[in-house]
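>>> Mind folding the following:
(2 chains)
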Amino acid sequence: MHYTIEINGAQQSVDIDGETPLLWVLRDVVDLKGTKFGCGAAQCGACTVHMDGHPIRACQTPIASVGNGRITTIEAVGESRLGKLVQEAWIELDVPQCGYCQAGQIMSATALLTRTPNPTDHDINEAMNGNLCRCATYTRIRAAIKHAAEAGRA
Amino acid sequence: MKRLILAAALLAGFSFVAGAMANEKGEYLARAGDCVACHSVPGGRAFAGGLKMASPVGTLYTTNITPDPETGIGSYTLEDFDRSIRRGIARDGHRLYPAMPYPSYAKLTGSDIADLYDYFMHDVPAVRQANRANEIPPFLSPRWPLAVWNVVYTPSPGFTPDPSKDAQWNRGAYLVEGLGHCGACHSPRGTAWQEKSLDARDSSFLAGANLDDWYAPSLRANQATGLGSWSQGEIAEFLKTGHNRHAVAYGSMGDVINNSTPYLTDSDLAAIAAFLASLPATEAETAWVEDTSTAQALLSGKTDTAGAALYVSACQTCHRANGAAAPPYVPPLAGNPTVLDKDPASLINIVLNGSWPLVAKGRPDAYRMPQFREQLKDRQIAEVVSFIRGAWGNKAGAVSPQEVAALRKSTQPSSDNIVVLKMR
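Got it, this is the predicted structure:
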C-alpha cells in the first residue's frame, strides 16, 4: 500500500504493508534513526514519538493508522520552544548515561510539559511511567523536567 | 512464544501430509474441526494427543488420534471412527468425556465422516505415543453416567437442513453447529456441563459463556455485546485473519485462528457469516455511540480518576486517547463487544496476561497486548478496566479488585484450578 504521512513537517511517501510499524518506517525507510527500538512491545518507551503532539509508541503504531496525524520525532522536537527547553535542560543537568532511552524520555517529557506546564511529582510519575531507563537516570530526568518547566515560566 | 512454536510445528506437520494422493477434503474437514488444537501439545507431533485439560471430574489428557495401531487409532474401522466422533464411544466401548465435542460432531454427515477417516488413516503420519492416564478420583471414574448423559444431551447423528433457509445458511449452520463446535466455548452450559443448546433453534445458542477464565462473547446479533454491529464481510474477515475493525482474536480463539478458520474457503466463511448474522439478539441493546468527551479530557490532561490516569500512562500510547487504537491491527476499546460484555473476565484476563501471536496461515501478526500482571496491582487493574468500560460511550459496569484478584489467582501459570475445560 501507498501512504503519505507527515513527518517533522515534511510529507513522506512510502510504499509498504499497512501493518508495518511506524518505527520501521522512520528508521529503515525515511532514515530517521534518532528514534530507538527498545522492546518492540510498548513496554519501554524508547520509541516514543509524537502524533499531533501526543506521545505514542512508534513500535506499536501500524503505518496504516497514522492517516493525517502529524508525526514529530526526536530530530525535530527541538524546533518547538518547549522541546528546545527540554533538550537544554537535559544538557544542563547531564541527564543521559548510556543515552539509549533518552530520545523517548525527551519526547514524553516534552508532551507532558505541553499539556501540563507546571507538573507535580505525581504528574511526572504518571506521564513518564512508560519510559524505562536501565541506567536509572530517573532522578535526573525528574530534575530536568522541573528545570525545563521553570525555564518555560521565565 | 509457546503458541508460536506450536503453530509452526503444526504447520510443518500439515505440510508433510499434503502429498499428491492426500485426501484434501478430509484434511479440510480436520481443519474445520480444529482437531489439532486439542489433540497436540506445544512442540509435539500433530494429532499425537497429550494436552492436559481440566474438567469437572478431574484432569483429562487428550488422546493420540494418529493411525498408529497400538497407541493411536490405527486399528479403528470406519464404523469405530464414526461411533467415537458422532456418539462419543471409543472402539473398546468406553464412553468419551464430552471434552471431546461429539454432541456437536454428531451433526456431521456420513460422507464427511468417511473423508475424515480416510485422511486420518492414510495421510496423518502415525506417531507411537502412549496416551496418558486421566487423573480422576476413583469415585468419579466410572463412565456409565456418561451413557445416561449422552442419551439426554447428544443428538442423533446427522444434519437436517432447515428447508425454510437457503443453501448458504444451511452450509453455515452445518459448519458452526457441527465441525466448528463454536458452541463449546460460546454457548452457555447447564448444570450437567452440557451446552444448553446445540443449534440455532434455541436462543441460548452462541449467546456467550464464561469458560476457562475467559468470557467467549455472544455471536448473536446483540447490538453492543454481540455481533450486531458487524457486517457479514467483517465476520468473515475476522475468521480469515483474526482481525477486523471491531476486534482482534484472543484467548482460545487464537487456537482457532492459528489452526482452523483461515484455511476455510471464502465461500464457507461467507456461509458461516450469513448463519451467525441470522441469529437474533437475546436482548434489545443500544448500539454503541461515541462520546468524544473522554478523549477531550484525556488529551487536555484532565485525568480526574485513578483509572483515567492509569489509562494515560499504561494504555493510551497504543489504544489512543479516543480508544479507537489502530484497527484492524490493534483493537479498539471503544465499542468493542468484549469491553461491553456484562462479564468482564476477558478484559481483565487480557490486561493481566496479555495476548499471544495470531499466526493466520503461517504469518504471525505484528502487535500484541503486553501482560500487566507484574506491573499493576489488583486495585489498579480494577480502576483502569472500570474506566475503559465507562469511557468513550461504553456503558458497562465497574469491576472490583476482588474480581481481578480471583482471575489473577486462577490464571497463575502454576494454578491447576478446575474449570470446565482448561486450555491454556
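
>>> Please count neighbours and contacts with C-alpha atoms only from this point.
Noted.

>>> for chain B, what are the nearby residues on chain A?
A:19-20, A:41-43, A:54-57, A:60-62, A:64-65, A:115-116, A:126-130 (CA under 8 Å from any CA of the partner chain).

>>> For PyMOL, write a command that selects the buried ones of those.
Selecting only the buried entries of these in PyMOL, with 16 or more other CA atoms under 10 Å in any protein chain shown as the criterion:
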select buried, chain A and resi 19+20+41+42+43+54+55+56+57+60+61+62+64+65+116+126+127+128+129+130
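
>>> what sits against A:Q12?
The contact partners of A:Q12, by CA atoms under 8 Å, 6 or more residues apart in numbering or on different chains, come to A:T4, A:I5, A:E6, A:V30.

>>> any idea what sits nearest whichever residue of chain A sits closest to chain B, other than its immediate chain neighbours?
Among the residues of chain A, A:I56 lies closest to chain B, at 4.3 Å counting by CA to the nearest CA. Excluding the flanking residues, the one nearest A:I56 by CA to CA, 6 or more residues apart in numbering or on different chains is B:T317, at 4.3 Å.

>>> got the contact list for that neighbour?
Residues in contact with B:T317 (CA under 8 Å, 6+ apart) are A:A42, A:P55, A:I56, A:R57.

>>> show me what contacts the first one?
Meaning A:A42. A:R57, A:C59, A:Q60, B:T317, B:C318, B:P370.

>>> Kindly format the C-alpha coordinates of stretch A:95-111 as PDB.
Taking Å, rounded to 0.1, in the frame of the first residue of the first chain, the C-alpha atoms of stretch A:95-111 are listed here in PDB:
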ATOM      1  CA  VAL A  95      20.800  13.600  32.200                       C
ATOM      2  CA  PRO A  96      21.800  10.700  29.900                       C
ATOM      3  CA  GLN A  97      24.100   8.000  30.900                       C
ATOM      4  CA  CYS A  98      24.200   5.400  28.000                       C
ATOM      5  CA  GLY A  99      21.600   7.500  26.300                       C
ATOM      6  CA  TYR A 100      19.700   4.800  24.500                       C
ATOM      7  CA  CYS A 101      16.300   5.600  26.100                       C
ATOM      8  CA  GLN A 102      16.700   9.300  26.100                       C
ATOM      9  CA  ALA A 103      15.100  10.200  22.800                       C
ATOM     10  CA  GLY A 104      11.900   8.500  24.200                       C
ATOM     11  CA  GLN A 105      12.300  10.300  27.500                       C
ATOM     12  CA  ILE A 106      12.600  13.700  25.900                       C
ATOM     13  CA  MET A 107       9.600  13.100  23.700                       C
ATOM     14  CA  SER A 108       7.400  12.000  26.700                       C
ATOM     15  CA  ALA A 109       8.700  14.900  28.800                       C
ATOM     16  CA  THR A 110       8.000  17.500  26.100                       C
ATOM     17  CA  ALA A 111       4.500  16.100  25.600                       C
END
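
>>> quick revisit: quick one: which of the contacts of A:Q12 is the most crowded by neighbours?
A:I5 (20 neighbours; other CA atoms under 10 Å in any protein chain shown).

>>> That residue touches A:T72, doesn't it?
No: taking contacts as CA atoms under 8 Å, A:I5 lies outside contact range of A:T72: 11.1 Å.

>>> hmm, back to that, may I see the contacts of A:A42 organised as TSV, with distance to B:E234 and secondary structure added?
Rendered in TSV, the data for the contacts of A:A42 read as follows (distance: CA to CA, whole Å; DSSP: H, G, I helix; E, B strand; the rest coil):
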residue	distance to B:E234	secondary structure
A:R57	27	strand
A:C59	26	helix
A:Q60	23	helix
B:T317	26	helix
B:C318	23	helix
B:P370	26	coil
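
>>> need those in a markdown table with distance to B:A147 and pLDDT, can you?
Shown next, in a markdown table, are the contacts of A:A42 (distance: CA to CA, whole Å; pLDDT from 0 to 100):
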| residue | distance to B:A147 | pLDDT |
| --- | --- | --- |
| A:R57 | 56 | 95 |
| A:C59 | 54 | 96 |
| A:Q60 | 52 | 94 |
| B:T317 | 54 | 87 |
| B:C318 | 51 | 91 |
| B:P370 | 44 | 91 |
